[in-house]
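Chemist: could you look at this predicted model? Sequence included:
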Amino acid sequence: MLILDDGQVALGDCAAVQYSGVGGRDVVFDAVAAVETIEKHIAPLLRGASITDFRSLAGLVDSFEVDGRLLHTAIRYGVTQAILDAVARSRGTTMAEVVRDEYATGVEIAPVPMFVQTGDNRYDNVDKMVLKQADVLPHGLINNVEEKLGPHGELLAAYVSWVRDRIIELRTTPSYEPTLHFDVYGTIGEAFGGDVERSADYLVELGAAAAPFALRVEHVIDAHSRDGQIAVSAALRAALRARGSSVQIVVDEWCNTLEDIELFVAAGAADVIHVKTPDLGGVNNTIEALLLVARSGLAAYCGGTCNETDRSGQVSAHIAMACGAVQVLAKPGMGVDEGMMIVGNEMARVAALVGARARAAASATADPAIQDAA
């Protein structure tokens, strides 16, 4: 919490992803040690600082080193959230407007599609998602070959078909056409021995099972290194296009930092880049990454992890809107309701405020013109 000189309090939450320490990520977060680090190093840096712009102050914190090392990603994540909030409060605007203006995103601030995850309650939670008309679903948590994918992929194929049928059965209007997005945690590669061609054939089958809904599949094969992941993801994407398939590849593991994302984008190694917000450290990096991906012609997914908080979910909503992300993760948790309420309501509030200000500005501009004409 940053206490401003006018008594306002700006908020940010330090958080790390559920799967810390793997896939090229930072080590497991120690909150007790983080408090000590913040009190010793970050508090003196920020006390008395002038809140003039977000980018410079966030950059200072994000690049700050202790004993020759950057601060843990979770610390940089939480502190820069608070800085973004502080700048917004000092200007009397939303965080989304700060991002839009400082980064010249050129994006109309409006709600973006929400991606909702089922956790292990893969059936009841799909019903919730459909009845609430979630934009992207169900994630599925397909993290085990024997129990969730099937040795030959048969369990996931059956589940994809069930999700498709359940949407058609429960939807109240044919115009509700969500995108299907499954995170498979590398299990397809595990089941098919890392073979790109066999994996591509299987994804084509999943695409047919998902029809008429669009299909995205996240982390199909784990290549155990960043360079390996870039190569295998690019090859898989090319194999799908060669088959005339519209199934989209989403990258997550080994694509953790802004530098990583730049390399994946340059290689065209995915259709959708999961910008996993806590992994990037400062939210300034999340903003840069989302804009880089979008401007490259790929789809920018403002994601994260179930292991976050209401506050980090709200801040992510502002950033996703300001950057025109293709989708934003409903977070925290995997219970559907909480994530959709926290992120969805925040986006609705932001859109209402920005819209009201735009209408007020238009009226103020129009009145003198009307008087002159009279």
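Modeler: Sure thing, it's come through.
Chemist: contacts for stretch 348-366?
Modeler: 94, 96, 97, 109, 110, 111, 317, 318, 321 (C-beta atoms under 8 Å, 6 or more residues apart in numbering). Heads up, the C-betas are built off the backbone N, CA and C, glycines and all.
Chemist: how about 6 Å then?
Modeler: With C-beta atoms under 6 Å, 6 or more residues apart in numbering as the test, stretch 348-366 has contacts from 94, 96, 109, 110, 111.
Chemist: buried ones in it?
Modeler: For stretch 348-366, burial by neighbour count (16 or more other C-beta atoms under 10 Å) applies to 350, 351, 354.
Chemist: select from the contacts of stretch 348-366 the one having the most neighbours.
Modeler: Neighbour counts for the contacts of stretch 348-366 (other C-beta atoms under 10 Å) peak at residue 96, which has 28 neighbours.
Chemist: what's the burial count for residue 112?
Modeler: When neighbours are defined as other C-beta under 10 Å, residue 112 has 23 of them.
Chemist: which stretches of the stretch 251-374 of the chain form helices?
Modeler: For the stretch 251-374 of the chain, applying DSSP state H, counting those that start in this stretch gives helices covering 258-266, 283-295, 310-323, 337-373.
Chemist: what's the most buried one of those?
Modeler: Mean neighbour count (mean count of other C-beta atoms under 10 Å) peaks for helix 310-323 among the helices of the stretch 251-374 of the chain, with a mean of 26.
Chemist: that helix versus helix 283-295: what angle between them?
Modeler: With axes from the mean of the first three to the mean of the last three C-alpha atoms, to 10 degrees defining the directions, helix 310-323 sits at 40 degrees from helix 283-295.
Chemist: now do helix 310-323 against helix 337-373, angle only.
Modeler: On the basis of the same axes, to 10 degrees, helix 310-323 is oriented at 40 degrees to helix 337-373.
Chemist: does anything pack onto helix 310-323? Which helices or strands?
Modeler: In terms of contacts (3 or more C-beta pairs under 6 Å, 6 or more residues apart in numbering; DSSP states H and E), helix 310-323 is packed against helix 95-102, helix 283-295, helix 337-373.
Chemist: buried residues, the shortest one. List them.
Modeler: Within helix 95-102, the residues that qualify as buried are 95, 96, 97, 98, 99, 100, 102, counting by 16+ other C-beta under 10 Å.
Chemist: redo those residues as a markdown table? Include distance to residue 26 and pLDDT.
Modeler: Listed next are those as a markdown table, based on distance: C-beta to C-beta, whole Å; pLDDT from 0 to 100:
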| residue | distance to residue 26 | pLDDT |
| --- | --- | --- |
| 95 | 24 | 98 |
| 96 | 27 | 98 |
| 97 | 30 | 97 |
| 98 | 26 | 98 |
| 99 | 24 | 98 |
| 100 | 29 | 97 |
| 102 | 26 | 98 |
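Chemist: mind giving me the domain split of the chain?
Modeler: Here the domain assignment for the chain is 2-102, 114-345, based on automatic domain parsing.
Chemist: straight-line length of the shortest one, end to end?
Modeler: With C-alpha to C-alpha, to the nearest Å as the measure, the ends of domain 2-102 fall 21 Å from one another.
Chemist: turn the domains of the chain into CSV, columns for distance to residue 360.
Modeler: Output for the domains of the chain, formatted as CSV (distance: least, C-beta to C-beta, whole Å):
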stretch, distance to residue 360
domain 2-102, 13
domain 114-345, 20
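Chemist: most packed of those domains?
Modeler: Most buried among the domains of the chain, counting by mean count of other C-beta under 10 Å: domain 114-345, with a mean of 21.
Chemist: for it, the averaged confidence score.
Modeler: Mean per-residue pLDDT for domain 114-345: 97.
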